[in-house]
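K.L.:
just coords:
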């Protein structure tokens, strides 16, 4: 008797869960054939894979970082000014040089990509003819599709020797500036297309109203369209910055592999991502402290990009102007 | 009157500044392509495709990377397509509006923003070590698959959203049940845009380097993988390796490799654009 009761409760729990996962109306429409039930379970299984992926990422980063933080205190890691985990007797695990290197690259890239991207987006949405757009947008898409190794190659063999060296003779073969220029070019198409989407989302009555009051196109763009689409544009900026922080190959190829706190853009630096690549290219034994460093650095990188992505999401959600 | 002139002037000036920004981006693209192709075609001949890597730049070839890329991407395509489309169908056609669905959506959006090298760490930790797949073609394909899944899901969702609900209602009206409607009406209507988005995601996967280096793909390979459990290299890794070698001649080899990679991506982009213009129906 009691066994039966438990069974009943269990099945009602499953029923509740299924009602949470599938629209009851749809379940009603799907009733009849058994195959429909199976289709639903297969679909939910596929959707679960993305959830499992997130848990997998968090699990791997946290569990291996814990092994690292057993030996090195979090404070020494976060605020130490020397990063020398691999060579010599004076090993040191202060991540600041890597974080600064990453911020250098990101800052330089943002300086190039954000104004250029926003300007291009304004031109495409406010000035350009449909025909011009039809030709230009696929070309910008090509720029977005160039693999990052190729950008890295371009930075090392073209930007540094042909552009930077004539301007700044003291620039090294590997330097932060050429890598950050290349990263800026890489994220440019993303800024253009996301900002343009944001501008296009503003209803055209608002634009036409401003024209009706006698505004020039520039005034419409900067005083009406820009404020109206600010949340979308800001969120596109943040997503692009987050992409620049996570960029790996350009930096690994062109920025050098020297973790140092420097005030010069012309010197080699190392970012968090390029450190991870450096270690994984060498033959670091699994389970050594050197091996766990990459997971601690990876965790920090993950937290930085995740918080930026969430901020961008919140801005888009909270401050979006809603039009009828 | 003076003020009006100034406003109009400002408008003109900024028009050309913004136009200049666009052309700056395009100029960079052409300089990049010109630079890569010029150096690349110097080294490229038929032998470049049939030789393995070498310690001498003039004898280095891309055969191992080319076949590695084809194997990994070939294995990855069916996995990603099925899982990505199924997830999008679930989110758009089956899921009710509640916090679980909202969480899955937010999760997909966040996964799209995770740096690719982190996916490499996931591949190394879970696939290579815990599941003991080794540094194999299979592990590489699954890593790349997880990496592009968020992009595939979002673009498939957009494709499904663009199918008007009048089609669905008509199908129900004819007595079809939900799955019949989804599989025989909605999915065929959305398929061209799903495929377009999918091809663009695949071309992104072909160019990915960092996650595969991270999960332990090799850099210097003298063989073609014989099965899905073999170790491998891919073209971008070979290009990276050649670029980071000190000998300048290797830079030309890297350019030749980049040329092959870029041409491959252009062809894929061309196919995607073709499908978009030819088969996509605007409702």
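P.N.:
Done, it's in. From a predicted model like this one, the values you see are computed outputs, not experimental measurements.

K.L.:
Okay, domains of chain A per the record?
P.N.:
A:2-70, A:92-318 (automatic domain parsing).

K.L.:
Chain B: which of the ones you listed is closest?
P.N.:
Across those, chain B has its closest neighbour in domain A:92-318 (2.6 Å, Cβ to the nearest Cβ). C-beta coordinates here come from the backbone N, C-alpha and C atoms, glycine included.

K.L.:
so residue A:284, which of the three states?
P.N.:
Counting by DSSP: H, G, I helix; E, B strand; the rest coil, the backbone at residue A:284 sits in coil.

K.L.:
about what we covered before: looking at the domains of chain A, which is nearest to residue B:79?
P.N.:
domain A:2-70 (10.0 Å; Cβ to Cβ).

K.L.:
how deep is the nearest residue to residue A:195 once chain neighbours are set aside tucked in, by neighbour count?
P.N.:
Of all residues not flanking residue A:195 in the chain, residue A:121 sits nearest, at 3.7 Å (Cβ to Cβ, 6 or more residues apart in numbering or on different chains). Applying other Cβ atoms under 10 Å in any protein chain shown, we find 27 residues neighbouring residue A:121.

K.L.:
any idea how far the lowest-mean-pLDDT helix or strand in chain B is from the chain center?
P.N.:
Within chain B, no helix or strand scores below helix B:46-50, which has a mean of 83 by mean pLDDT, DSSP states H and E. Offset of helix B:46-50 from its chain centre (Cα atoms, centre = their mean, to the nearest Å): 25 Å.

K.L.:
In chain B, which helix is the longest?
P.N.:
Looking across chain B with DSSP state H, the single longest helix is helix B:2-43.

K.L.:
near chain A at all, that helix?
P.N.:
Yes: counting by Cβ under 8 Å from any Cβ of the partner chain, chain A is contacted by helix B:2-43 at B:7-8, B:10-11, B:14-15, B:17-19, B:21-22, B:24-26, B:28-29, B:31-32, B:35-36, B:39.

K.L.:
For the stretch 151-283 of chain B, list the residues in contact with chain A, please.
P.N.:
So the stretch 151-283 of chain B meets chain A at B:153, B:172, B:177-179, B:200, B:203-204, B:206-210, B:213-214, B:216, B:219, B:236, B:239-240, B:243-244, B:251, B:254-255, B:258, B:261-262, B:265-266, B:269, B:273 (Cβ under 8 Å from any Cβ).

K.L.:
give me that answer again for 7 Å
P.N.:
Contact residues (Cβ under 7 Å from any Cβ of the partner chain) of the stretch 151-283 of chain B with chain A: B:177-179, B:203, B:207, B:209-210, B:213-214, B:236, B:239-240, B:243-244, B:251, B:254-255, B:258, B:261-262, B:265, B:269, B:273.

K.L.:
Name the residues of stretch A:62-75 that are buried.
P.N.:
By 16 or more other Cβ atoms under 10 Å in any protein chain shown, the buried positions in stretch A:62-75 come out as A:64, A:65, A:68, A:72.

K.L.:
do the same with stretch A:53-61
P.N.:
A:53, A:54, A:56, A:57, A:60, A:61.

K.L.:
Next one: the last one from residue B:126, what distance?
P.N.:
Distance, residue A:61 to residue B:126, using Cβ to Cβ, to the nearest Å: 11 Å.

K.L.:
Any idea how far the helix or strand encompassing residue A:210 is from the middle of the chain?
P.N.:
Following DSSP states H and E, the helix or strand that holds residue A:210 is helix A:204-212. Distance, stretch centre to chain centre, for helix A:204-212: 34 Å (Cα atoms, centre = their mean).

K.L.:
And the next helix or strand past it?
P.N.:
Following helix A:204-212 in sequence, per DSSP H and E, is helix A:217-219.

K.L.:
Is chain B within reach of that next one?
P.N.:
Yes: applying Cβ under 7 Å from any Cβ, one finds helix A:217-219 touching chain B at A:217, A:218.

K.L.:
Let me see the contact set for residue A:98.
P.N.:
A:83, A:259, A:270, A:271, A:272, A:275, A:297 (Cβ atoms under 7 Å, 6 or more residues apart in numbering or on different chains).

K.L.:
Distance-wise, check the third one relative to residue B:140.
P.N.:
Same thing as residue A:270. 26 Å.

K.L.:
Same drill for these two, tell me which one is more crowded.
P.N.:
residue B:140 (34 against 25).

K.L.:
Not counting residues beside it along the chain, what's closest to the more buried one?
P.N.:
Residue B:140's closest residue in space is residue B:72 (Cβ to Cβ, 6+ apart), at 4.7 Å.

K.L.:
For residue A:93, give me phi and psi.
P.N.:
Backbone geometry at residue A:93, expressed as degrees, to the nearest 10, gives phi -120, psi 40.

K.L.:
where does the spatially closest residue to it that is not a sequence neighbour fall, phi/psi-wise?
P.N.:
Computed as Cβ to Cβ, 6+ apart, the closest residue to residue A:93 that is not its neighbour in sequence is residue A:72, at 4.8 Å. According to degrees, to the nearest 10, the main-chain angles of residue A:72 amount to phi -120, psi 130.

K.L.:
Same check on residue A:83?
P.N.:
Torsion angles, degrees, to the nearest 10, at residue A:83: phi -110, psi 100.

K.L.:
Can you classify the closest residue to it other than its chain neighbours as helix, strand or coil?
P.N.:
The spatially closest residue to residue A:83, leaving aside those adjacent along the chain, is residue A:259, at 4.1 Å (Cβ to Cβ, 6+ apart). Residue A:259 falls in the coil class when you classify it by three-state DSSP.

K.L.:
hang on, isn't residue A:259 packed against residue A:82?
P.N.:
No: the criterion here is Cβ atoms under 7 Å, and residue A:259 misses it with residue A:82 at 8.3 Å.

K.L.:
Compare these two (neighbour count), which wins?
P.N.:
residue A:259 (25 against 15).

K.L.:
Distance of that one relative to residue A:123?
P.N.:
40 Å.

K.L.:
One more: residue A:304?
P.N.:
Residue A:304 sits at a distance of 32 Å from residue A:123 (criterion: Cβ to Cβ).

K.L.:
higher neighbour count, these two?
P.N.:
residue A:123 (27 against 19).

K.L.:
What lies in contact with stretch A:262-277?
P.N.:
Outside stretch A:262-277, the residues that touch it by Cβ under 7 Å, 6+ apart are A:97-99, A:101-102, A:104-105, A:108, A:168, A:170-172, A:174-177, A:246-248, A:251-252, A:255-260, A:294, A:297-298, A:300-301, B:115, B:117, B:210, B:213-214.

K.L.:
doesn't residue A:69 fall inside a helix?
P.N.:
Yes: using three-state DSSP, the assignment for residue A:69 is a helix.

K.L.:
contacting residues for it?
P.N.:
With the criterion set at Cβ under 7 Å, 6+ apart, residue A:69 makes contact with residue A:296.

K.L.:
repeat that for 6 Å
P.N.:
Not one residue lies near residue A:69 by Cβ atoms under 6 Å, 6 or more residues apart in numbering or on different chains.

K.L.:
Report pLDDT for residue 219.
P.N.:
Picking chain A for this. Residue A:219 is assigned 92 on the pLDDT scale.

K.L.:
Chain B was what I was after
P.N.:
Residue B:219 is assigned 78 on the pLDDT scale.

K.L.:
Next: residue A:236.
P.N.:
Reading off the model, residue A:236 has pLDDT 93.

K.L.:
same question, the one 3 residues further on
P.N.:
The predicted local confidence for residue A:239 comes out at a pLDDT of 93.

K.L.:
ditto for residue B:144
P.N.:
The model's pLDDT for residue B:144 equals 95.
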